[in-house]
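Trainee: Provided below for reference: sequence and predicted model.
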Amino acid sequence: MFSSSEKLICRRLIELALEEDLGTEGDLTSQLVIPNALRGSAKIVCRSVGVIAGLPAVELVFRGLDSGLVVEPMLQDGVSVENRNTVLARVTGPMQSLLTGERTALNFLQRLSGVATLTRRYVDAVAGLPVRILDTRKTTPGLRLLEKYAVRCGGGHNHRMGLHDGVLIKDNHLAALDSGLASIRKAIDKVRSRIPASVPIEIEVESQEQLYMALSCRPNIVLLDNMNDPQLRDAVRMRNEMAPEVELEASGGVTLDTVRALAETGVDRISVGALTHSAPALDIALDYERIEN
C-alpha cells in the first residue's frame, strides 16, 4: 500500500490529471449519454502478463470523484499476473462517475505496473546473485515517489529519492573543482565535515586511478560509471583489498542483455535508469459488466 507521502502526492497528481481531462465543462459525453441515476459495475482487466502496481491510485481516483463508487481490489500490488485477462479490481456505483474516472485511473495503473514489470525482469535476470537492482532519478517529473514505489513492487530497491537525502558527487562536480585527482579527496572531505554520518556519501569514478583515490577516502559507495566487465572485476578486487566496507555500484547503459554479466563481476549494486525512463505501460483495460437492478 501507499505510504502517507505517496498517498499525498498521488492525490495532488490526481487533481492535476482530472483538471487536465475535465477542464471547466466536465465529462461531456457521460453527462449527455448516461442517465444520472444509472448504476453499474465494471472490471479492471490485465490483458498482458506483468507485475501490478498502482491499485491504491485507482481507489483514490474513483473515491475522489464520487464517494458512491466502491472499488474492490482482487489482487495486491506486487503480485505477478501470469494469465491474460486476469481481473485486478471491480468498480461499482454511478456510471457517470465511473466512466469519468476510467482513463485517469488506468493511466496511473498502466504506468506504475509497467515500471514494476520491467523492474521484475531485471531482478529475475540477476536471481541467485548477491546484488541489488536500483532505480535512478531519471523519473517522470512529478511521478517520482510513485514510480519508485512501483520499482519496489517489482522487487527493486530505491536509490536516493532526490538531491535532498543523499550525497552523490558526480563527474561534473569534480570537473567544477578543477583539481584533478585531488578533487576527489577535496570533495569528500568537504562533504564529510558538513553532514551527519547518517547521510550516505557516494562518489562517481570513471577510471582505476580515480577509484584508488576514492577508496582511500572511504565513502559509503563508489559509483563505477560505464566500466566494462574486466574493469569492474578489477575494481572489485581493489575494493576488497583496500576498503571492503565500501559498496560498489555499476551504472551506465545497463540493459537486460548485460545486467547478469555485470552482476557476476561482484559489484554490490546496479543502478538502471531504464526502470523508470523506458518502461512500457502494461496493457490494462476497464470492461463494463452489468447494470445493477
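Mentor: That came through, no problem. Numbers count the residues shown, from 1 in each chain.
Trainee: domain parsing for this structure?
Mentor: As assigned by automatic domain parsing, the chain contains the domains 4-117+280-291, 124-277.
Trainee: mind giving me JSON lines with those domains and columns for mean neighbour count and mean pLDDT?
Mentor: Every residue, glycine included, has its C-beta placed from N, CA and C. Output for those, formatted as JSON lines (neighbours: other CB atoms under 10 Å; pLDDT from 0 to 100):
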{"stretch": "domain 4-117+280-291", "mean neighbour count": "18", "mean pLDDT": "97"}
{"stretch": "domain 124-277", "mean neighbour count": "17", "mean pLDDT": "97"}
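Trainee: which residues of the stretch 151-293 of the chain fall in helices?
Mentor: Using DSSP state H, counting those that start in this stretch, the helices found in the stretch 151-293 of the chain span residues 171-177, 182-192, 208-217, 229-242, 259-263, 274-277.
Trainee: how distant is the last one from the center of its chain?
Mentor: The chain centre lies 7 Å from the centre of helix 274-277; the measure is CA atoms, centre = their mean, to the nearest Å.
Trainee: who's in contact with stretch 207-221?
Mentor: With CB atoms under 8 Å, 6 or more residues apart in numbering as the test, stretch 207-221 has contacts from 181, 184-185, 188-189, 200-203, 205, 222, 224, 231, 234-235, 238-239, 242-243, 245-249, 269.
Trainee: return it as PDB; C-alpha atoms alone will do.
Mentor: C-alpha atoms of stretch 207-221 as PDB (Å, rounded to 0.1, in the frame of the first residue of the first chain):
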ATOM      1  CA  SER A 207      39.000   5.200 -14.100                       C
ATOM      2  CA  GLN A 208      41.100   2.900 -11.900                       C
ATOM      3  CA  GLU A 209      43.100   5.900 -10.800                       C
ATOM      4  CA  GLN A 210      40.000   7.700  -9.600                       C
ATOM      5  CA  LEU A 211      38.800   4.600  -7.900                       C
ATOM      6  CA  TYR A 212      42.100   4.200  -6.000                       C
ATOM      7  CA  MET A 213      41.800   7.800  -4.700                       C
ATOM      8  CA  ALA A 214      38.100   7.400  -3.800                       C
ATOM      9  CA  LEU A 215      38.700   4.100  -1.900                       C
ATOM     10  CA  SER A 216      41.400   5.800   0.100                       C
ATOM     11  CA  CYS A 217      38.800   8.300   1.300                       C
ATOM     12  CA  ARG A 218      36.400   5.700   2.400                       C
ATOM     13  CA  PRO A 219      33.000   6.900   1.100                       C
ATOM     14  CA  ASN A 220      30.000   4.700   1.700                       C
ATOM     15  CA  ILE A 221      29.500   3.900  -2.000                       C
END
